[in-house]
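Q: Here's a sequence, model it:
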Amino acid sequence: MTNPSAESTNAPTALEVEVKDFTVAALYHFAKIEDPEQKQTPLLNLCRAEGITGTLILAEEGINGTIDGPQKGIDAILALLHSWPGVDAIEVKYSYSDTQNFSRMKVKIKDEIVTMGKPYIDSNDNAGTYVDPAEWNEIISRDDVLVIDTRNSFEFGVGRFKNAVDPVTQTFREFPDWADQLASAPEKPKALAMYCTGGIRCEKATVYMKDIGFEEVYHLKGGILKYLEEMPEEESLWEDECFVFDHRVSLKHGLVEGDYMLCYGCQNPISPADRESPMYEPGVSCPHCDDSLSNEDRARFRERQLQIRLSKERGESHLKDNASTRPYNKRRKKKKQA
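A: Residues are numbered from 1 along each chain as shown. Okay, here's the model as predicted:
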């Protein structure tokens, strides 16, 4: 049976569903999940049967992921998750799209639902204080509060809260090292306010911050997405757009699709200004990577673009039609290892 309280947070209205063909559900919940391996196949089979795509991560510490598809299918998946012990209060952020944003469905088993390299951390035991979007502006405007973005540095480059600090991390695994340096600074900040896209990274980060000695630690409930959904733009302290790991690339206030795209050459988000640069060639290069591409790279990317154009002219879908289906960090790691 679906838990009524879990549905009441921000479920879509009938009017909203009619406007867009697909519902996108970003969700996570820290909870003790028994035998995640036993839940993997039934969950994957239901997703496929309901036409749902995306990725869900299961671990003994909880569930995390983003899925999209018809509203009826999303409801069916959430009903199954709500039936699991301890997952009835799962946090879900809804947005809407004209197209399906993922090419397939994956359910993965991992040690952590968000990889910090600290699987022993229990968010249910020592997390920071939730702050609703309506109260967030007041907290981050305090002189004694350090505002910390717990996302990766490239996400910070797309958008951030006013006066926020960028730890300059490439993956969430690097965050504890930065946090340790902050904790050992001669003058530690009195209070911390932490945020991320949907709430999961900052929630886990608050546990670590409290473990290493910070006492007054806040985090934005529902993350940036909830803030952009609820906060009127004229009152907002958010600057620019919010990066998301799907075809939409970025979102604005009201969770409408933003103006950023991904460069196929380097997988960096590129702004409208970047696309005006002479170094930008669609599907090939941008100002972030133009000077690092070989002639072989350019030839390969141009051939790919040609195949995409020809597929569209034939009314077919090309498997690599959109670079944003590829996780940014995975592509970055391969480049660093080369």
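
Q: Show the end-to-end separation of stretch 192-210, please.
A: Stretch 192-210 stretches 10 Å from its first residue to its last (Cα to Cα, to the nearest Å).

Q: hmm, I was thinking of stretch 218-232
A: Note: stretch 218-232 ends 22 Å apart using Cα to Cα.

Q: Longest helix in the protein, please.
A: As assigned by DSSP state H, the longest helix anywhere in the chain is helix 295-313.

Q: buried set for that one?
A: For helix 295-313, a neighbour-count test (16 or more other Cβ atoms under 10 Å) marks 301, 304-305, 308 as buried. Where C-beta positions appear, they are placed from N, C-alpha and C, glycine not excepted.

Q: With stretch 277-293 instead?
A: Quick answer for stretch 277-293 (16+ other Cβ under 10 Å): 280-281, 283-290, 293.

Q: coming back round to it: pull out the C-alpha coordinates of the longest helix of the chain and format them as PDB.
A: Output of helix 295-313 as PDB, limited to C-alpha atoms (Å, rounded to 0.1, in the frame of the first residue of the first chain):
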ATOM      1  CA  ASN A 295      43.100  16.000 -35.500                       C
ATOM      2  CA  GLU A 296      42.000  12.400 -35.100                       C
ATOM      3  CA  ASP A 297      39.600  13.400 -32.300                       C
ATOM      4  CA  ARG A 298      38.100  16.100 -34.500                       C
ATOM      5  CA  ALA A 299      37.700  13.800 -37.500                       C
ATOM      6  CA  ARG A 300      36.000  11.200 -35.400                       C
ATOM      7  CA  PHE A 301      33.600  13.700 -33.800                       C
ATOM      8  CA  ARG A 302      32.800  15.200 -37.200                       C
ATOM      9  CA  GLU A 303      32.000  11.800 -38.600                       C
ATOM     10  CA  ARG A 304      29.700  11.200 -35.600                       C
ATOM     11  CA  GLN A 305      27.800  14.400 -36.200                       C
ATOM     12  CA  LEU A 306      27.400  13.500 -39.900                       C
ATOM     13  CA  GLN A 307      25.900  10.100 -38.900                       C
ATOM     14  CA  ILE A 308      23.500  11.900 -36.500                       C
ATOM     15  CA  ARG A 309      22.400  14.300 -39.200                       C
ATOM     16  CA  LEU A 310      21.800  11.400 -41.700                       C
ATOM     17  CA  SER A 311      19.900   9.400 -39.100                       C
ATOM     18  CA  LYS A 312      17.600  12.400 -38.400                       C
ATOM     19  CA  GLU A 313      17.000  12.900 -42.200                       C
END
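
Q: For it, give the mean pLDDT please.
A: Averaging pLDDT along helix 295-313 yields 91.

Q: So what's the gap between it and the chain middle?
A: Taking Cα atoms, centre = their mean, to the nearest Å, one finds helix 295-313 lying 29 Å from the centre of the chain it belongs to.

Q: same deal with stretch 22-39?
A: Distance of stretch 22-39 from the chain centroid (Cα atoms, centre = their mean) equals 15 Å.

Q: any idea of the mean pLDDT in it?
A: 93.

Q: Only the buried residues of that stretch, if you could.
A: Buried-residue list, stretch 22-39, by 16+ other Cβ under 10 Å: 22-31, 33, 36, 39.
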